[in-house]
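Peer 1: Using only what follows, build the 3D model:
(one chain, ligands or ions: 1)
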Amino acid sequence: MFNFQEIDKKNTKKVLELVQNRWGSDFIVSKGKKHFISDLDGFIVLENEEIKGLITYSIEGTECEIVSLDSFKENLGIGEELIKLVETEAGKAGCKRIWLITTNDNTRALRFYQKRGFVIENIHLNAIKESRKLKPQIPERGFGGIPILHEIELEKEL
Ligand SMILES: CC(C)(COP(=O)(O)OP(=O)(O)OC[C@H]1O[C@@H](n2cnc3c(N)ncnc32)[C@H](O)[C@@H]1OP(=O)(O)O)[C@@H](O)C(=O)NCCC(=O)NCCS
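Peer 2: Here you go, the predicted structure:
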């Protein structure tokens, strides 16, 4: 049974550890900006006290950016539930748009988001070259061995 909670002081350390393991640092780069996970709001999913998924987001004005989304137990609805929680928060905060960046190699995320109402709004060609200046840990190749080159921006109107 999954238990969804907000990220708070009790679980930040573990969240940072998980993000660090998956993404190589305690920050995420999108559109040339560093987002430190410890500065962001978000939600975790617990099963027997263990984190099985997490999402972080940033609200600026009427826009909400999903900065990170990770499911550590896939195909059970965790990812979908996490984005729904953020959509609800964004709606309450008066956001008109929810958006995110993923990279060209992440075909699973592209499928996942597009099936849930997000549309590709922009492709930032070769943006990862700039991202690597802020985060040299970004590997050359990503999912399926695909070279990581471009940022793909997806959005959903609320
Ligand atoms: C993308 C990602 C977050 C999806 O998380 P997830 O927990 O697997 O997501 P869900 O379980 O909600 O949905 C995945 C699939 O499982 C299916 N599913 C959900 N519950 C299910 C169940 N009980 N039985 C069978 N299938 C199920 C969903 O229908 C969905 O399939 P679809 O995309 O064809 O519609 C996850 O793959 C991940 O962490 N990837 C690596 C990190 C990443 O890429 N993050 C996003 C970058 S911004």
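Peer 1: Name the single longest strand found in the protein.
Peer 2: Scanning the chain for the strand with the most residues, using DSSP state E, yields strand 50-60.
Peer 1: List the buried residues for it?
Peer 2: 51-59 (16 or more other Cβ atoms under 10 Å). All C-beta atoms are positioned from the backbone trio N, CA, C, and that covers glycine.
Peer 1: Can you list the strands that that strand pairs with?
Peer 2: strand 41-47 (antiparallel), strand 63-71 (antiparallel) (DSSP bridges).
Peer 1: Around the ligand, pick out the residues from this structure.
Peer 2: Taking Cβ under 6 Å from any ligand atom as the contact definition, the chain meets the ligand at 69-71, 74-80, 100, 102, 106, 108-109, 111-112, 115.
Peer 1: let's see it at 8 Å
Peer 2: For the chain, the residues in contact with the ligand (Cβ under 8 Å from any ligand atom) are 22, 53, 66, 68-82, 100-103, 106, 108-109, 111-113, 115-116, 143.
Peer 1: Just the buried residues of the residues you listed.
Peer 2: Buried by 16+ other Cβ under 10 Å: 53, 66, 68-71, 78-79, 81-82, 100-103, 106, 109, 112-113, out of those.
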